[in-house]
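Novice: Give me coordinates for this.
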Amino acid sequence: MAERINVGVVGVGALGSAHARVYSELHSCHLAAVYDVDDEKNRRTASQYGLPICRDLDQLLSRCAAVSVVSPTDTHCTIAMKIIGRGKHVFIEKPVASNTAEAEKLTESASARGVTAAVGHIERFNPAFEAVRDELGDPRFIEAHRLNRFSSRGLETAVILELMIHDIDLILSIVDSPIVEIRAAAIPVVSHTDDIANCRLQFANGCVANLTASRISAHPLRKWRVFTRDRYASLDLKEKTAELYRLFRKSGRHVDLPPRYVPVVEAGGKYIARLGVVVKQGEMLAAELEDFITAVVQKSRPRVGLAEATAALSVALDIARAAGEHRRSASVFAPTPTEVQ
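Specialist: Got it, this is the predicted structure:
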């Protein structure tokens, strides 16, 4: 059996603590260290896993071969550069960096040092998306809604970079064409950054994607609808379920449907049939971090590397700029709160 590699986590807030838990449960690695600038979180998490307390990042790096960076976005580049500089492999939560210049700097450094770098676009590991991924070739229209309940965490990051970037990454993974037009609108409602955003992406091959993201919704929702030339997929990324429909043309008196397809509608010599989609359930974060560790051990490419993460970040920033231009040109501002008597 291969030797388990030592891993560490920088930043043990809610998500970083989840990284630590998953690493402690994986058979392919050993949780060796955690570090957080918050002394209380640092001590509590180290104690929870029976680890020595790391007083700084250098102490953590001396104990680890690979590290998850789960700190605020504006610290990603500085921390990850130090990790890469020490020749350690790195997993960086999304967004990979604050801007594309930082992302490109990380890419150049990781390549020069020969280290594996993965980025936390966790929806790539959503079992609903995985179940129909191979059926979504050449999409024509995509609609994505990602709505969260309000939380006081993460308000320093605009909703486009906090939430919409998940859907941007998924879209870029299935649309093999450059974006030629972006239309967007976004407004702050309860925070100082945008809380609701909508955009329309037009691709050179004719595909159109409409994305909506909100972090002040009463009911959480993460749904996708994808239309190709002969398929329609409906995905619930929150509930991890998927439906797939396909168009068949009738030849002769009968139509021979592939296995697991059930006819739904017949009209004009055509059938619309539904595929019984089997979604294999599992913890997405565990799958994502297992993919990272496998890439480190086997010296292979992680599912989402720096190139893919930089592309998603670049589009997210373009959308944010388009939303800003729309706000200035249309004089769209957040509503004035009504005082409660």
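Novice: Residue 210: which element?
Specialist: Using DSSP states H and E, the element containing residue 210 is strand 208-214.
Novice: try residue 266
Specialist: Short version, using DSSP H and E: residue 266 is in strand 261-267.
Novice: Got the confidence number for the residue positioned nearest the centre of the chain?
Specialist: Closest to where the C-alpha atoms of the chain average out (Cα atoms, centre = their mean) is residue 121, at 2.7 Å. As predicted, residue 121 sits at a pLDDT of 98.
Novice: Next one: it from residue 264, what distance?
Specialist: Taking Cβ to Cβ, to the nearest Å as the measure, residue 121 falls 33 Å from residue 264. Placement of C-beta: from N, CA and C, glycine included.
Novice: Name whatever forms a beta bridge with residue 213.
Specialist: Taking DSSP bridges as the rule, residue 213 bridges to residue 146, residue 197.
Novice: Make 279 the starting number, not 1.
Specialist: Sure, I'll start numbering at 279, so the last one becomes residue 491.
Novice: neighbours around it, how many?
Specialist: Residue 491 has 30 neighbours, counted by other Cβ atoms under 10 Å.
Novice: Likewise for residue 356?
Specialist: 13.
Novice: just checking, what packs against the least confident helix or strand in the chain by mean pLDDT?
Specialist: Least confident helix or strand, the chain: strand 539-545 with a mean of 82, by mean pLDDT, DSSP states H and E. Packing partners of strand 539-545 (3 or more Cβ pairs under 8 Å, 6 or more residues apart in numbering; DSSP states H and E): strand 519-527, strand 548-553.
Novice: go with 7 Å
Specialist: strand 548-553 (3 or more Cβ pairs under 7 Å, 6 or more residues apart in numbering; DSSP states H and E).
Novice: and the angle for the strand it packs on with strand 539-545?
Specialist: For strand 548-553 against strand 539-545, the angle by axes from the mean of the first three to the mean of the last three Cα atoms, to 10 degrees is 150 degrees.
Novice: quick one: buried residues of the helix or strand that comes right after strand 548-553?
Specialist: Per DSSP H and E, strand 548-553 leads on to helix 562-576 as the next helix or strand towards the C-terminus. Within helix 562-576, the residues that count as buried by 16 or more other Cβ atoms under 10 Å are 562-571, 573-575.
Novice: Including pLDDT and distance to residue 448, could these go into JSON lines?
Specialist: Below are those laid out as JSON lines (pLDDT from 0 to 100; distance: Cβ to Cβ, whole Å):
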{"residue": "562", "pLDDT": "98", "distance to residue 448": "13"}
{"residue": "563", "pLDDT": "98", "distance to residue 448": "17"}
{"residue": "564", "pLDDT": "98", "distance to residue 448": "19"}
{"residue": "565", "pLDDT": "98", "distance to residue 448": "15"}
{"residue": "566", "pLDDT": "98", "distance to residue 448": "14"}
{"residue": "567", "pLDDT": "98", "distance to residue 448": "19"}
{"residue": "568", "pLDDT": "98", "distance to residue 448": "20"}
{"residue": "569", "pLDDT": "98", "distance to residue 448": "16"}
{"residue": "570", "pLDDT": "98", "distance to residue 448": "18"}
{"residue": "571", "pLDDT": "98", "distance to residue 448": "23"}
{"residue": "573", "pLDDT": "97", "distance to residue 448": "20"}
{"residue": "574", "pLDDT": "97", "distance to residue 448": "24"}
{"residue": "575", "pLDDT": "96", "distance to residue 448": "26"}
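Novice: Would you check which pair of these lies furthest apart?
Specialist: For the buried residues of helix 562-576, the maximum inter-member distance is 20.5 Å, found between 562 and 575 (Cβ to Cβ).
Novice: hmm, who's touching the least confident helix or strand of the chain?
Specialist: Applying Cβ atoms under 7 Å, 6 or more residues apart in numbering, the contact partners of strand 539-545 are 523, 524, 535, 549, 550, 551, 552, 553.
Novice: Return the set of residues that bridge with the closest residue to the last one other than its chain neighbours.
Specialist: What sits nearest to residue 553 in space, not counting adjacent residues and going by Cβ to Cβ, 6 or more residues apart in numbering, is residue 522, at 4.3 Å. Taking DSSP bridges, one obtains residue 511, residue 553 as the residues bridged to residue 522.
Novice: Thought residue 411 was touching residue 522, still the case?
Specialist: No: Residue 522 is beyond contact range of residue 411, at 11.0 Å (criterion: Cβ atoms under 7 Å).
Novice: Please say which of the two ends up with more neighbours.
Specialist: Under the neighbour definition other Cβ under 10 Å, residue 522 and residue 411 were set side by side, and residue 522 has more, 21 against 16.
Novice: would you list every one of the strands in the protein?
Specialist: Assigned strands in the chain, in chain order: 283-288, 307-313, 344-347, 367-371, 395-398, 419-425, 457-465, 474-481, 486-492, 499-505, 509-514, 519-527, 539-545, 548-553 (criterion: DSSP state E).
Novice: how distant is the third one from the center of its chain?
Specialist: So the one you mean is strand 344-347. Put simply, strand 344-347 sits 17 Å off its chain's centre (Cα atoms, centre = their mean, to the nearest Å).
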